[in-house]
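Participant: test case, fold it:
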Amino acid sequence: MADSDDYEDPELEARWLAEQRGNVQRYLQEQGVHHRGVSSAAVWFVAPYISVWTVGSVAAPGAIGWWAISGDLPTDYLSGQGATDARSALAAFSRRWRDVAAYMLRGETHPTIAVGSPEDTYELGDLLQRRARILDDWAGDDEIW
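Facilitator: Numbering: from 1, shown residues only. You can find the predicted model right below:
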């Protein structure tokens, strides 16, 4: 992966963001999420590590239906009802990932969320737990908001 300093180049940053938006769009399609589109620009990002996107609600046009995340971490989405901005969305992803990782690290299956294949459960649980901590750190850092 390129060094984050490389992403000070606006063209490289724009290509990376376009790639992440595409990742979110594909993931939502694979998951069967009906929506009114992914925001044209990331709401918050730190290239090349993380990008946060809003996803339009079908039920309430103009409202955020979901928050989506992509980058050097799992692509995921969660309901827009539990988060009002990118910072609270990061905190919500962190909470969910910590919960899922705890199941995985105990060798148990989470009741609603599956990550990877069973033979990789511990390794992926550890990775998910570490990513959750990073999100939690960023969400709690007043200086970056």
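
Participant: all helices in the protein, in order from the N-terminus.
Facilitator: Here the chain has its helices, by DSSP state H, at 10-30, 86-105, 121-140.

Participant: which of those helices is buried the deepest?
Facilitator: With neighbours defined as mean count of other CB atoms under 10 Å, the helices of the chain peak in mean count at helix 86-105, which reaches a mean of 20. Every residue, glycine included, has its C-beta placed from N, CA and C.

Participant: got a list of contacts for it?
Facilitator: Under the criterion CB atoms under 8 Å, 6 or more residues apart in numbering, residues 43-44, 52, 67, 69, 74, 76, 78, 82-83, 109-110, 113, 115, 121-122, 124-126, 128-129, 131-133, 135-136, 138-140, 145 lie in contact with helix 86-105.

Participant: how about the contacts made by the residue nearest the centre of the chain?
Facilitator: The chain has Ile69 as the residue nearest its centroid, 2.2 Å off, counting by CA atoms, centre = their mean. Residues in contact with Ile69 (CB under 8 Å, 6+ apart) are Val24, Ile50, Ser51, Val52, Trp53, Thr75, Asp76, Tyr77, Ala89, Leu90, Phe93.

Participant: got the helices of the chain as a markdown table, with mean pLDDT and distance to Ala60 columns?
Facilitator: Listed next are the helices of the chain as a markdown table, based on pLDDT from 0 to 100; distance: least, CB to CB, whole Å:
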| stretch | mean pLDDT | distance to Ala60 |
| --- | --- | --- |
| helix 10-30 | 97 | 17 |
| helix 86-105 | 97 | 17 |
| helix 121-140 | 96 | 25 |
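
Participant: now distance to Ser39 too, for those, in TSV please.
Facilitator: What follows is the helices of the chain, written out as TSV (distance: least, CB to CB, whole Å):
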stretch	distance to Ser39
helix 10-30	8
helix 86-105	11
helix 121-140	19
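
Participant: do you know which of the ones you listed lies nearest Arg36?
Facilitator: helix 10-30 (11.2 Å; CB to CB).

Participant: for that closest one, name the packing helices and strands.
Facilitator: If contacts are counted by 3 or more CB pairs under 8 Å, 6 or more residues apart in numbering; DSSP states H and E, helix 10-30 sits against strand 50-56, strand 64-71, strand 73-79.
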